[in-house]
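Trainee: After the sequence you'll find the predicted model.
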Amino acid sequence: MEKAGFWKLCAAYLIDFVFISVAGLILGAILGGIIGALLALLGKPEAVIARAAFLVGAGVGYLLNIVYFAIFESVMGASLGKKWLGIRVSKA
């Protein structure tokens, strides 16, 4: 099996990054909006609401990144970007 080159791996990661970013943005916005609405109902200041919404969004993005690569590379042998470019993770 031939090893994938640097630029092919970069392209695969860019595809994964776009996918994760879009999914994380959507999930983070939804959860951040829910948290923001709940804090607004409790009468918290806008600065607290904004900070909480940001932290929820960042946390969702971080967890999504970990879960995405863990599941795709362990179960399917490649992330979506690697699959689309014909790269597979294997043992040395």
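Mentor: In hand now; what should we look at?

Trainee: check contacts around Phe19.
Mentor: By CB atoms under 8 Å, 6 or more residues apart in numbering, the contact set of Phe19 is Tyr68, Leu80, Gly81. (Glycine included, C-beta is placed from N, CA and C.)

Trainee: switch to 6 Å and redo it
Mentor: Phe19 is in contact with Leu80, counting by CB atoms under 6 Å, 6 or more residues apart in numbering.

Trainee: pLDDT (mean, whole number) over stretch 54-62?
Mentor: Rounded to a whole number, the mean pLDDT of stretch 54-62 is 84.

Trainee: Just the buried positions in it, please.
Mentor: Across stretch 54-62, burial judged by 16 or more other CB atoms under 10 Å covers Val56, Gly57, Val60, Gly61.

Trainee: ok, these vs Val18, which is closest?
Mentor: Set against Val18, the nearest of the buried residues of stretch 54-62 by CB to CB is Gly61 (13.1 Å).

Trainee: Gly24 is in contact with the closest one, correct?
Mentor: Yes. At 3.8 Å, Gly61 counts as touching Gly24 under the criterion of CB atoms under 6 Å.

Trainee: Please enumerate the helices of the protein.
Mentor: Remark: helices assigned in the chain by DSSP state H are 6-41, 46-71, 80-84.

Trainee: Check the offset of the last one from the chain's centre.
Mentor: Distance, stretch centre to chain centre, for helix 80-84: 15 Å (CA atoms, centre = their mean, to the nearest Å).

Trainee: now the longest one
Mentor: A distance of 5 Å separates the C-alpha centroid of helix 6-41 from that of its chain, computed with CA atoms, centre = their mean.

Trainee: Could you pull out the buried residues of it?
Mentor: Of the residues in helix 6-41, Ala11, Ala12, Ile15, Asp16, Ile20, Gly24, Leu27, Gly28, Gly32, Ile35, Gly36, Leu39 count as buried by neighbour count, 16+ other CB under 10 Å.
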